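J.: With the sequence up front, the predicted model follows.
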Amino acid sequence: MKVEQIKKIAIIGAGIMGHGIGLTYALGGYQVVLNDIDDEILKTAMSHIKNNLEIFVENGLISQATIDETLSRITTTTNLKKAVEDADFVTEAVTEDVRVKKEVFNKLDIYSPDHAILASNTSSLVLKNFTVDTKRKDKILITHWFNPPHIVPVVEVVRGEETSTEAFETIYALLKKVRKIPVRVNKEIPGFLINRIQAAMMREIWSLWEQEIATPEDIDLAVKGSFGFRLAAIGPLETCDLGGLDLWYSIGERLFKVINNSHAPPKALKEKIERGEFGIKSGKGFFDYGIRFSEAGLDDAIKNRDRKFISLLKLLYPEIGLARP
């Protein structure tokens, strides 16, 4: 199947990631069906989509008229078979549980048209964990979006062991059409590209925090204002080229011997979780947000984050963040 043949897209799972993925495809002009197990989840998803479109208007990304046009392209249903029976492309965005994903993909394989391409939004699992019983393995791949999916530009397109070149390149082209930046991951490994890099960074950051080398405030400040600032403009390998590979090799020789190489998160982090310190959603994590951090407060924090991300999007990727009619 060619990208021009994709007309209708189904999103299975309308939670944190699913509704943002659906918004992106609808904004890109596609008919979208959102599916979840409960009508209330779907109502909440549509409310989030409308709110996110309004934030786009506030920031000059779309016109007011585009809101109604985009919403008109989205339908919802709790019936999985109905959601996918005439879809050309299906994205699964359910909970990160192998058993659940396996059950969903077995049904998608039966209910979806023979030509349909199926994708999982898994952040770390490999396809063979949950698609072993499917018959269309050549038409199954991973599209790993990043939260918030309607704003963060990159989507990892991960090729499974049996994914065909046609399916792989078709979905790569689809993501470009909806103004995302698809990145090809040619071999399927746990965590793919970004989460492996991010996990390596977090391992060292958590270690520095546990050892009290610096406070959480200073760690965040240091990262945002140094290599985080730099990475917004140039990538890590380009940074190596600019600094000189000989210099970076010598840095690696010295530091790789002493940086953290543990195979588990630190005990201090586990103790935080056991105390119910989950982050903003509980009012306390690495930082204290107040004992009674409200839902409204959480919504405000997310909106503030999204506005910052949109400002960066418009600055760094004008071809993506430019106004739409």
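T.: Now that the structure is in, tell me what you want to look at. Residues are numbered from 1 along each chain as shown.
J.: for the stretch 201-325 of the chain, what spans make up the helices?
T.: Residue ranges of the helices in the stretch 201-325 of the chain, as given by DSSP state H, counting those that start in this stretch, are 216-224, 227-231, 236-243, 245-255, 267-274, 295-316, 318-321.
J.: could the ones you listed go into TSV alongside mean pLDDT, distance to Ile194 and mean neighbour count?
T.: Quick note: C-beta positions are derived from backbone N, CA and C, even for glycine. Formatted as TSV, the helices of the stretch 201-325 of the chain follow (pLDDT from 0 to 100; distance: least, C-beta to C-beta, whole Å; neighbours: other C-beta atoms under 10 Å):
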stretch	mean pLDDT	distance to Ile194	mean neighbour count
helix 216-224	98	16	13
helix 227-231	95	12	12
helix 236-243	97	12	12
helix 245-255	98	21	11
helix 267-274	98	21	12
helix 295-316	85	16	13
helix 318-321	74	18	13
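J.: Distance to Ile11 added to those helices, as JSON lines?
T.: Shown next, in JSON lines, are the helices of the stretch 201-325 of the chain (distance: least, C-beta to C-beta, whole Å):
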{"stretch": "helix 216-224", "distance to Ile11": "32"}
{"stretch": "helix 227-231", "distance to Ile11": "30"}
{"stretch": "helix 236-243", "distance to Ile11": "32"}
{"stretch": "helix 245-255", "distance to Ile11": "41"}
{"stretch": "helix 267-274", "distance to Ile11": "30"}
{"stretch": "helix 295-316", "distance to Ile11": "20"}
{"stretch": "helix 318-321", "distance to Ile11": "21"}
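J.: Figure out how far the helix-or-strand element of the chain with minimal mean pLDDT is from the centre of its chain.
T.: Scoring the helices and strands of the chain by mean pLDDT, DSSP states H and E places helix 318-321 at the bottom, with a mean of 74. Relative to its parent chain, helix 318-321 has a centroid offset of 19 Å by C-alpha atoms, centre = their mean, to the nearest Å.
J.: do the same with stretch 68-75
T.: The answer for stretch 68-75 is 22 Å, by C-alpha atoms, centre = their mean.
J.: what's next to it, contact-wise?
T.: Stretch 68-75 is contacted from outside by 22-23, 26-27, 29-34, 46, 49-50, 53, 62, using C-beta atoms under 8 Å, 6 or more residues apart in numbering.
J.: The residues you listed in strands, which ones?
T.: Using DSSP state E, 31-34 are the members of the contacts of stretch 68-75 that sit in strands.
J.: Which one (most neighbours) among those residues?
T.: For the ones in strands among the contacts of stretch 68-75, the largest number of neighbours (other C-beta atoms under 10 Å) sits with Leu34, at 27 neighbours.
J.: For it, give me its contacts.
T.: Going by C-beta under 8 Å, 6+ apart, the list of residues near Leu34 reads 11, 14, 18-19, 22, 42, 45-46, 74-77, 83.
J.: Likewise for Val154?
T.: Contact criterion C-beta under 8 Å, 6+ apart gives 146, 180-183, 194 as the residues in contact with Val154.
J.: Apart from its chain neighbours, what residue comes closest to Leu27?
T.: The spatially closest residue to Leu27, leaving aside those adjacent along the chain, is Thr70, at 5.1 Å (C-beta to C-beta, 6 or more residues apart in numbering).
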